[in-house]
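Asks: Sequence first, predicted model second:
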Amino acid sequence: MNLTTVIQLYVFVLAGFVGYQVISRVPPLLHTPLMSAANALTGISLVGSLVAAGSNHGRLSTIMGFIAVICATVNVVGGFLITDRMLKMFKRDDRKAP
Amino acid sequence: MTESLPLRELLIQGTYLVSSVFFIVGLRGLSSPEKARAGMGYAALGMLLAIVGTLLHAEIVRFEWLFGGLLIGTIIGVVIGRPLFISVPMTAMPQWVALSHAAGAVAATLVGINEYMILRPEVAAGTMAALGFEVLLGALTVTGSVMAFGKLQEILPGRPVTWPLQNVLNLLLLAGAVALLVVLMVNPALSTAFWVMLAIAAGLGVLMVLPIGGADMPVVISLLNAYAGLSASAMGFALDNNLLIIVGALDGASGFLLSILMCKAMNRSFTNVLFGAFGAPAAAAAGTLADGREMRAITPDDAAVRLAYARLVVVVPGYGLAVAQAQHALRELTDLLEKRGVEVKYAIHPVAGRMPGHMNVLLAEANVPYDRLFDMEEVNGEFPRTDVALVIGANDVVNPAARTDPGSPIYGMPILDVDKAQSVMVLKRGKGAGFAGIENELFFDPKTFMLFGDAKASLTRLVTEVKSL
């Protein structure tokens, strides 16, 4: 195991910890939007897909990258759109003055 | 590590760093409904930066496929995402999330396969391990998500499908896949091992989801989300990309945490949900208890009078409300009641519906202000002074057997104490048992009145009746 891998492990563990801390503050009210937001984030695999589609490693590689880019983009765009539509619906009661 | 990075690489890393911060700030926004939309804006910006940063990548030499893919993906994302959401709104959400996971995981898996085929026959053991986990978790997520979609969409049977030694077989398969990965780490040129491992992982996704009942699907979807996140993280290890590692870890944490929260809300352990094959059909005649008691039906006009002259009505929504798309009719009814001076509260059970917070979104869609929605702990004390508890399409979350009957499969699950209300009115499609297949004693209680029929039709009828009072 080289130094880069060790640093990567640090990043992984700390990011997981930050994720845990941040997510545990999300109220149950917003759990469905959270699920949908997390779903949008899964589309981060787009980063790897883009490299695969754009690099020169032969036809098969490009085609696989191309399909991967499409799938990941659907995941990202769909995920964010749906999350936003959901969040738009949450409104506080305006009729009742505090 | 001593020599300085070239400018291009610095630029990429800088963009990625800012992007990661945006993702974390974005998730942080979800801690309150006011900040949530802005938060997701930050997250989207983070994703945009991630794409921009990636386009600077030295390895990317041609852009036609890449932009073509982005364009087609965006079009599909918009076209499929939006109308689906408008025409079949809240009920189809869990399926959609599952399907979307499948898409993201297909990408992760393909990238992993591609990377392996490029690097083969010489892959460093560490990289091979990362690639292995990436395609293992990716393929498992793809097939698992498709299965979850099929179950929720009722293309496949929602009930658990079980056979002998199921868990043993699954564990053996998992062990086999991991063993193949170890073989690959030693001898990466052995591509047969790679393909067999991939096939096992895909098969495992199917086998793991088959025995899990439809009611537990939210836990599974959340878990698959975690797997997809970890797959992205593994991709980050394989490609030396910190952004992938970070976002994947965030995703993994959120998926695991959500599924644990859901299991807690059902008072079931993680392993019980995954290996318990919960929700096997219970044998009981519909509409009659073992001791011969029967449900008592009520007419809509009678029901309307009871509601209109109550002081406090607590609405308990369940999945049936979502199925019937009756949230707008419900809102109309409660508005009418409030105009007459009736106090109305909504009691939200954490696992009502098919997703965590499903009811919150459903009611938000009908413009019910979120400060009228109360969590189980907040509202349970209110039931003794509740005149009418209006249960709409909810069943297991109000089943007193969870408190009283140690033999019941849901024993120990925290429930809404609807049975403590002065009277209970249940809107229910028919006399059958709930989603989990368990008979509900509450429906046979002498103070419970049943209003049978489609929830939307019943609520619309109630609105007319209350208006005419």
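Replies: Right, received. Where do you want to start? Since the structure is predicted, the reported quantities are computational estimates derived from the model, not experimental observations.
Asks: contacts, neighbours, all on C-alpha from now
Replies: Fine.
Asks: If you count contacts, what does the longest helix along chain A end up packed against?
Replies: The residue-count maximum for a helix in chain A (DSSP state H) belongs to helix A:59-88. In terms of contacts (3 or more C-alpha pairs under 8 Å, 6 or more residues apart in numbering or on different chains; DSSP states H and E), helix A:59-88 is packed against helix A:31-42, helix A:46-54, helix B:33-55, helix B:64-87, helix B:93-119.
Asks: Next, format those helices as JSON lines and append distance to residue B:301 and mean neighbour count.
Replies: Formatted as JSON lines, the helices and strands packed on helix A:59-88 follow (distance: least, C-alpha to C-alpha, whole Å; neighbours: other C-alpha atoms under 10 Å in any protein chain shown):
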{"stretch": "helix A:31-42", "distance to residue B:301": "36", "mean neighbour count": "29"}
{"stretch": "helix A:46-54", "distance to residue B:301": "57", "mean neighbour count": "29"}
{"stretch": "helix B:33-55", "distance to residue B:301": "38", "mean neighbour count": "21"}
{"stretch": "helix B:64-87", "distance to residue B:301": "32", "mean neighbour count": "18"}
{"stretch": "helix B:93-119", "distance to residue B:301": "34", "mean neighbour count": "27"}
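Asks: The longest helix of chain A vs helix B:93-119, what angle?
Replies: 150 degrees (axes from the mean of the first three to the mean of the last three C-alpha atoms, to 10 degrees).
Asks: and helix A:59-88, average pLDDT?
Replies: The average pLDDT for helix A:59-88 rounds to 88.
Asks: buried ones in it?
Replies: Going by neighbour count (16 or more other C-alpha atoms under 10 Å in any protein chain shown), the buried part of helix A:59-88 is A:61-88.
Asks: host element of the nearest residue to residue B:182 once chain neighbours are set aside?
Replies: In space, and not counting its chain neighbours, residue B:182 is closest to residue B:129: 7.7 Å by C-alpha to C-alpha, 6 or more residues apart in numbering or on different chains. Element membership of residue B:129, judged by DSSP states H and E, is helix B:125-152.
Asks: and that helix, how far from the chain's centre?
Replies: Remark: helix B:125-152 is offset 18 Å from the chain centroid, using C-alpha atoms, centre = their mean, to the nearest Å.
Asks: next helix or strand past that helix?
Replies: Downstream of helix B:125-152 (by DSSP H and E), the next one is helix B:166-186.
Asks: relative to helix B:125-152, how tilted is that next one?
Replies: 150 degrees.
Asks: Show me what helix B:166-186 is packed up against.
Replies: Against helix B:166-186 (3+ C-alpha pairs under 8 Å, 6+ apart) you get helix B:125-152, helix B:191-209.
Asks: Run through who's touching the shortest one.
Replies: Taking contacts as C-alpha atoms under 8 Å, 6 or more residues apart in numbering or on different chains, the residues outside helix B:191-209 that touch it are B:135-137, B:139-145, B:147-148, B:170, B:173-174, B:176-178, B:180-181, B:183-184, B:220, B:274.
Asks: Only the buried subset of those residues, as a ChimeraX command please.
Replies: Buried residues among the contacts of helix B:191-209 (16+ other C-alpha under 10 Å), as a ChimeraX selection:
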select /B:135,136,137,139,140,141,142,143,144,145,147,148,170,173,174,176,177,178,180,181,184,220,274
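Asks: Kindly provide the distance from the most centrally placed residue in chain A to residue B:137.
Replies: Nearest to the mean C-alpha position of chain A, counting by C-alpha atoms, centre = their mean, stands residue A:41 at 0.4 Å. Applying C-alpha to C-alpha, to the nearest Å, the value for residue A:41 to residue B:137 is 16 Å.
Asks: Could you give the average pLDDT over stretch B:439-448?
Replies: 83.
Asks: If we go by neighbour counts, what in that stretch is buried?
Replies: Quick answer for stretch B:439-448 (16+ other C-alpha under 10 Å): B:439, B:440, B:441, B:442, B:443, B:444, B:445, B:447, B:448.
Asks: Narrow the residues you listed to those in helices?
Replies: Per DSSP H, the buried residues of stretch B:439-448 never map to helices.
Asks: Got the confidence number for residue B:23?
Replies: 93.
Asks: repeat for residue B:286
Replies: The model's pLDDT for residue B:286 equals 43.
Asks: My guess is the residue nearest to residue B:182 contacts residue B:185. True?
Replies: Yes. Residue B:129 lies in contact with residue B:185 (C-alpha atoms under 8 Å); the separation is 6.4 Å.
Asks: Spit out the contact partners of the closest residue to residue B:420 other than its chain neighbours.
Replies: Closest residue to residue B:420 apart from its sequence neighbours, by C-alpha to C-alpha, 6+ apart: residue B:384 at 5.3 Å. Shown in contact with residue B:384 (C-alpha under 8 Å, 6+ apart): B:420, B:421, B:422.
Asks: The first one and residue B:135: what is the separation?
Replies: Read it as residue B:420. 51 Å.
Asks: Sketch out the low-pLDDT regions of the stretch 151-300 of chain B for me.
Replies: The stretch 151-300 of chain B contains residues with pLDDT under 70 at B:158, B:214-215, B:266-268, B:272-293.
Asks: Around chain A, which positions in it sit nearby?
Replies: Contact residues, the stretch 151-300 of chain B versus chain A (C-alpha under 8 Å from any C-alpha of the partner chain): B:222, B:225, B:228-229, B:232-233, B:235, B:237, B:239-240, B:242, B:244-255, B:257-258.
Asks: let's see 6 Å
Replies: Counting by C-alpha under 6 Å from any C-alpha of the partner chain, the stretch 151-300 of chain B comes close to chain A at B:229, B:232, B:245, B:246, B:249, B:250, B:251, B:253, B:254.
Asks: from those residues, which ones fall inside helices?
Replies: Going by DSSP H, the helices hold B:229, B:232, B:245, B:246, B:249, B:250, B:251, B:253, B:254 from these.
Asks: In JSON lines, list those residues along with distance to residue B:55 and neighbour count.
Replies: Formatted as JSON lines, these follow (distance: C-alpha to C-alpha, whole Å; neighbours: other C-alpha atoms under 10 Å in any protein chain shown):
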{"residue": "B:229", "distance to residue B:55": "22", "neighbour count": "39"}
{"residue": "B:232", "distance to residue B:55": "18", "neighbour count": "40"}
{"residue": "B:245", "distance to residue B:55": "18", "neighbour count": "31"}
{"residue": "B:246", "distance to residue B:55": "19", "neighbour count": "30"}
{"residue": "B:249", "distance to residue B:55": "23", "neighbour count": "31"}
{"residue": "B:250", "distance to residue B:55": "23", "neighbour count": "34"}
{"residue": "B:251", "distance to residue B:55": "23", "neighbour count": "34"}
{"residue": "B:253", "distance to residue B:55": "28", "neighbour count": "28"}
{"residue": "B:254", "distance to residue B:55": "28", "neighbour count": "29"}
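Asks: could you dump those to a markdown table with distance to residue B:212?
Replies: Converted to a markdown table, these look like this (distance: C-alpha to C-alpha, whole Å):
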| residue | distance to residue B:212 |
| --- | --- |
| B:229 | 22 |
| B:232 | 25 |
| B:245 | 30 |
| B:246 | 30 |
| B:249 | 26 |
| B:250 | 26 |
| B:251 | 23 |
| B:253 | 22 |
| B:254 | 21 |
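Asks: Which one of the residues you listed is nearest to residue B:468?
Replies: Nearest to residue B:468 among these is residue B:254, at 49.2 Å by C-alpha to C-alpha.
Asks: Check the gap between that closest one and residue B:365 for me.
Replies: Residue B:254 is 24 Å from residue B:365, by C-alpha to C-alpha.
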